[in-house]
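Peer 1: quick one: sequence and predicted model below, then my questions.
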Amino acid sequence: MVSNSIKKEILTDFYNVKRIAVLYICTGKYSVFWDEFFSSAQKNFLQGHKKHFFVFTDNDKLRQRQDFDVTFIELKKLGWPLDTLYRFKFFLTIEEDLKNYDYVYYINANAMIVSEIGDEIFPDPFSLIGCQHPCFYNKNLEEYIYDRNPDSLSFISSGEGKDYVMGAFIGGKSKAFVKMCQQLNINIDRDYNKNIIAIWHDESHYNNYLLSNSYKLLSPSYVYPEEMSIPFLPKILLRDKNKYGGHNKLRGIKNETFIVNFLKGFINKIKSIFLDNS
């Protein structure tokens, strides 16, 4: 007699249903976004496929819940920027689980999926996806904010590159995604051991990785900032963090350092350049 699990596998293959792993990190105050994200993903993200959510969190109340198709994983808050810089290391703690899926996608904590997302995000015949950054989809190559530090393994030299992609929504075929995590985890550790942190953390390293790996480019519709107006229809809306106390409150930063103020100023400068030229 054929077991129920084998029957499910046969039906999944017959109807071309894909197994999807969705990765989500919400340490500190970012857990405020989970319920809204989860309900929107259940409704609009890859309907007709089998999804499972892996949620990395330090929130005890969340980890005690038993939401359907969700695995809550304890993750201690390391502080900014390590909470974002080390995301590939976090993902590798469930490496063997991820290998059981056809596709793996990471989506930012402040995301809300506002319209239907279907098979168009499958990278076939490529391996990974990259989403055009909403501030740079209409900019020249020299205006991209690649990491220009030659001592970093995220370095991209002037004149190199093709697209500037945002780290808020990444993913692809499971084998390729795990391989990417392994390599970027090594690169980030090597940098950190030399007291180097990429200018835009995990995003800088992902842009570097895509230089030598195949990927399908998605529009800024999939990383649409709530506080901006760009000529695309939003599919994934990135909630305005200022409505939730701002970056520092969500990250748990009590005392702003020089570098934090510098980054805030740099981000505001980028936004002003974009708005002036839009």
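Peer 2: Cool, got the structure.
Peer 1: low-scoring stretches of the protein, by residue?
Peer 2: 1-14, 244, 246-247, 251, 253-278 (pLDDT under 70).
Peer 1: next, count neighbours for residue 189.
Peer 2: 14 (other Cβ atoms under 10 Å). Placement of C-beta: from N, CA and C, glycine included.
Peer 1: okay, stretch 54-63 in PDB with CA atoms only?
Peer 2: Listed next in PDB are the C-alpha coordinates belonging to stretch 54-63 (Å, rounded to 0.1, in the frame of the first residue of the first chain):
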ATOM      1  CA  PHE A  54      10.900  29.700   8.300                       C
ATOM      2  CA  VAL A  55      10.800  32.600  10.800                       C
ATOM      3  CA  PHE A  56      14.000  33.500  12.600                       C
ATOM      4  CA  THR A  57      13.100  35.500  15.800                       C
ATOM      5  CA  ASP A  58      14.000  36.300  19.400                       C
ATOM      6  CA  ASN A  59      10.300  36.900  20.200                       C
ATOM      7  CA  ASP A  60       9.200  34.300  22.800                       C
ATOM      8  CA  LYS A  61       5.500  34.800  22.100                       C
ATOM      9  CA  LEU A  62       6.000  34.200  18.400                       C
ATOM     10  CA  ARG A  63       8.000  31.000  19.000                       C
END
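Peer 1: how about that stretch: buried residues?
Peer 2: 54, 55, 56, 57, 58, 59, 62 (16 or more other Cβ atoms under 10 Å).
Peer 1: tell me the bridge partners for the second one.
Peer 2: Right, residue 55. Applying DSSP bridges to residue 55 gives these bridge partners: residue 24, residue 72.
Peer 1: hmm, it is touching residue 62, no?
Peer 2: Yes - with contact defined as Cβ atoms under 8 Å, residue 55 reaches residue 62; the gap is 6.9 Å.
Peer 1: joint contacts of those two?
Peer 2: Common contacts of residue 55 and residue 62 (Cβ atoms under 8 Å, 6 or more residues apart in numbering): 26, 34, 72.
Peer 1: tabulate these (TSV), appending distance to residue 124 and neighbour count.
Peer 2: Putting the shared contacts of residue 55 and residue 62 into TSV (distance: Cβ to Cβ, whole Å; neighbours: other Cβ atoms under 10 Å) gives the following:
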residue	distance to residue 124	neighbour count
26	30	23
34	30	21
72	31	21
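Peer 1: can I get the residues you listed in CSV including distance to residue 81?
Peer 2: Putting those into CSV (distance: Cβ to Cβ, whole Å) gives the following:
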residue, distance to residue 81
26, 16
34, 21
72, 24
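Peer 1: list phi and psi for residue 97.
Peer 2: phi -60, psi -40 (degrees, to the nearest 10).
Peer 1: residue contacts, it?
Peer 2: Here residue 97 is in contact with 21, 54, 71 (Cβ under 8 Å, 6+ apart).
Peer 1: for residue 138, state which of these is nearest.
Peer 2: Lowest distance from residue 138 to these (Cβ to Cβ) belongs to residue 21, with 32.7 Å.
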